[in-house]
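1. Need coordinates for the below:
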Amino acid sequence: MTTQFKRLLLLIALFSNPVFASDDDDDGTENQGISEMNAQQRQSLGIVTGKAERRLLTDEIMLPGEITINAYRTSLATTRISAQVVARHARMGDKVKIGQKLVTLSSVDMADAQGQLLIAEREWQRVQKLGRKVVSEQRFIEAQVNYQQGIAKLLAFGMTKTQTDVLLKQGNDAEATGNFDLLSQQDGTIIDDPFLLGQIVETGQKLMTISDESELWVEAQANPDIQQQIKPGTVARINTGNHQWFNGNVVQIHREVDETTRTLAIRIEIPNSDGLFYPGQFVQVGLPSSTSQTVLAVPKESVTLLYGEHVVFVLNGDELLPQLVETGETRNDWVAIDAGLTEEDDLVIQGTFLLKSMLLKSQIGDAD
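-> The predicted model follows:
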């Protein structure tokens, strides 16, 4: 036992004596501290005791990471031709459905293609009505091909089959304005929308990013040497810096080392149905290594901080006494105990916070 630990044990002994309740306190507790409690009294307060266990705690490799959108659940709203934005129907943060109208664009090229289709459609209707016995075979085929190509051109420019059918049904040259709508390709949330009303956008320019945020990725940067230790399906732990850990699963390991950092990216999928994570957040990633060790461990809830030191409450007869412990790593809500406990000790595994509150109140009362 280290000198420092002996000193801390002495410190804890200064307030380890239980504070007894008054005689007229029926349930054995009062605001001034911890009294002796029998099993029934402990049960009524939700205090559960147990023993430290020998457990196999896997070592972890800690890596930096960044949350990103799930590219396999993401799509872009882009234009296939040069056009002008004439109307916006959704904005960043909106939830959209597949097929929902996002943006209305207007294009001279689209207007020309719409007009050509209406002309081709009239000619095709005319030659069909006249029949092959009246019109030449060449005219019949040309009318059919021009009509089909006219439809294909509108679809290639970005109109949908439904929008094209509506234009043909109306059959009005005045409707060949060059206006057309971009529709969402999926259900999701609009992540960004970097354009302005009236802006001229070029072919392939991104107007919106739509992503299903219910599952995101974490890209962890690792030394290529650890690749053999990590496999797809491995459970990873993610921490955003608020001391709360979340589980994810390794889904992919990149096949190419980053030229700048000389690291290999490990892709981890994390559920995000509650919207707790955002793309761009930096996180800490814990990945299990191939090494592990058996240690004495207690449930995480058993350990609390008291005057800046790690403490558990040990049952001695009917007394509940604070016991200073030296802690090691925390793995899956179990804390390794390096010193201060044995497997024979009965300790509180539920209700630690209540006992801590009672003890602190008793110390305040003594100070008065």
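2. And the helices in the stretch 101-250 of the chain, which stretches?
-> 108-130, 137-157, 161-170 (DSSP state H, counting those that start in this stretch).
3. What helices and strands are in contact with the longest one?
-> Applying 3 or more C-beta pairs under 8 Å, 6 or more residues apart in numbering; DSSP states H and E, we find helix 108-130 packed against helix 137-157, helix 161-170. In short, each C-beta sits where N, CA and C put it, glycine included.
4. Repeat the analysis, applying 10 Å as the threshold.
-> strand 83-88, helix 137-157, helix 161-170, strand 179-183 (3 or more C-beta pairs under 10 Å, 6 or more residues apart in numbering; DSSP states H and E).
5. Same question for the second one.
-> With contacts taken as 3+ C-beta pairs under 10 Å, 6+ apart, helix 137-157 sits against helix 108-130, helix 161-170.
6. ok, now the shortest one?
-> With contacts defined as 3+ C-beta pairs under 10 Å, 6+ apart, the secondary structure elements packing on helix 161-170 are helix 108-130, helix 137-157, strand 179-183.
7. and the gap between the spatially most central residue of the chain and Glu53?
-> For the chain, Asn272 is the residue whose C-alpha lies nearest the centre (C-alpha atoms, centre = their mean; 3.6 Å). Using C-beta to C-beta, to the nearest Å, we find Asn272 at a distance of 33 Å from Glu53.
8. same thing with Glu329?
-> 15 Å.
9. hang on, the earlier thing: most packed of the helices and strands packed on helix 108-130?
-> Highest mean neighbour count among those (mean count of other C-beta atoms under 10 Å): strand 179-183, with a mean of 21.
10. what mean pLDDT would you report for it?
-> Mean pLDDT, strand 179-183: 95.
11. could you say what helices and strands that strand packs with?
-> On a contact count with 3+ C-beta pairs under 10 Å, 6+ apart, strand 179-183 meets strand 74-78, strand 83-88, strand 101-106, helix 108-130, helix 161-170.
12. Let me know the pLDDT of Asp24.
-> pLDDT, Asp24: 46.
13. Report the distance from the longest strand anywhere in the chain to the chain centre.
-> In the chain, with assignment by DSSP state E, the single longest strand is strand 282-299. Computed by C-alpha atoms, centre = their mean, to the nearest Å, the chain-centroid distance of strand 282-299 equals 21 Å.
14. again with stretch 112-122
-> 48 Å.
15. and that stretch, which residues are buried?
-> Neighbour-count burial for stretch 112-122 flags 113-118, 120-121 (criterion: 16 or more other C-beta atoms under 10 Å).
16. Not counting it itself, show me its contacts.
-> Stretch 112-122 has contacts (C-beta atoms under 10 Å, 6 or more residues apart in numbering) with 81, 107, 142-157, 159, 163-164, 167-168, 170-173, 175-180.
17. List the contacts of Asp193.
-> Neighbouring residues of Asp193 by C-beta under 10 Å, 6+ apart: 77, 88, 90-94, 102-103, 206-210.
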